[in-house]
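Participant: quick one: sequence plus predicted model below, questions after.
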Amino acid sequence: MPKVTFVHPDSRRQTVEIAAGRTIMEAAVNNNVSGIEADCGGSCACATCHVYIEPDFLSKLNAPSEGEAAMLEFAVNPRENSRLSCCITVNYDVDGITVNLPESQY
Ligand code: FES
């Protein structure tokens with residue numbers, strides 16, 4: 001299964017596996033990775049699954065949809081590499097994707 005590495009604000013790294021076709025948010029929630037709240041359950045309607053994508057992987061992802069881009073405006077401290085993790089499907093093309101968790105989702 002593809003792997004996802006989460007980097008916590010204290011630099012602690014946590015690598016988990018997720019079935020291809022599932023999202024980064026699900027990889028976090030299913031593996032008790034702290035820092036992803038996912039209040040809306042993955043409907044792209046809350047921005048509490050905000051992450052920062054490592055630059056090496058940004059170009060491998062599709063651009064955010066209009067809905068994701070609009071919701072990202074509600075993320076705390078958004079940056080150019082901000083994404084909503086429920087909107088990113090993991091497959092073998094992005095195996096090993098590394099995302100940084102924000103200090104807070106609120
Ligand atoms: S879980 Fe709500 S926007 Fe991603």
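Facilitator: Sure, I can see it. Note that the structure is predicted; figures quoted are calculated from it, not measured. Residues are numbered from 1 along each chain as shown.
Participant: contacts for stretch 94-101, please.
Facilitator: With contacts defined as CB atoms under 8 Å, 6 or more residues apart in numbering, stretch 94-101 is touched by 2-9, 24, 33, 35-36, 51-54, 56-57, 60-61, 83, 85, 88, 90. (Each C-beta comes from the backbone N, C-alpha and C, glycine too.)
Participant: how far off centre is the lowest-mean-pLDDT helix or strand in the chain?
Facilitator: Lowest mean confidence among the helices and strands of the chain (mean pLDDT, DSSP states H and E): helix 55-58, at a mean of 94. Centre-to-centre, helix 55-58 and its host chain are 12 Å apart (CA atoms, centre = their mean, to the nearest Å).
Participant: near the ligand, which residues of this protein?
Facilitator: Within reach of the ligand by CB under 6 Å from any ligand atom, the chain has these residues: 25, 38-40, 42-49, 71, 84, 86.
Participant: now, those residues that are in helices?
Facilitator: Among these, the ones falling in helices (DSSP state H) are 25, 71.
Participant: just the buried residues of the residues of the chain next to the ligand.
Facilitator: With neighbours counted by 16 or more other CB atoms under 10 Å, these contain buried members at 25, 38, 40, 42, 44, 46-49, 71, 84, 86.
Participant: what's near enough to touch Ala38?
Facilitator: Ala38 makes contact with 25, 28-29, 46, 48-49, 85-86, according to CB under 8 Å, 6+ apart.
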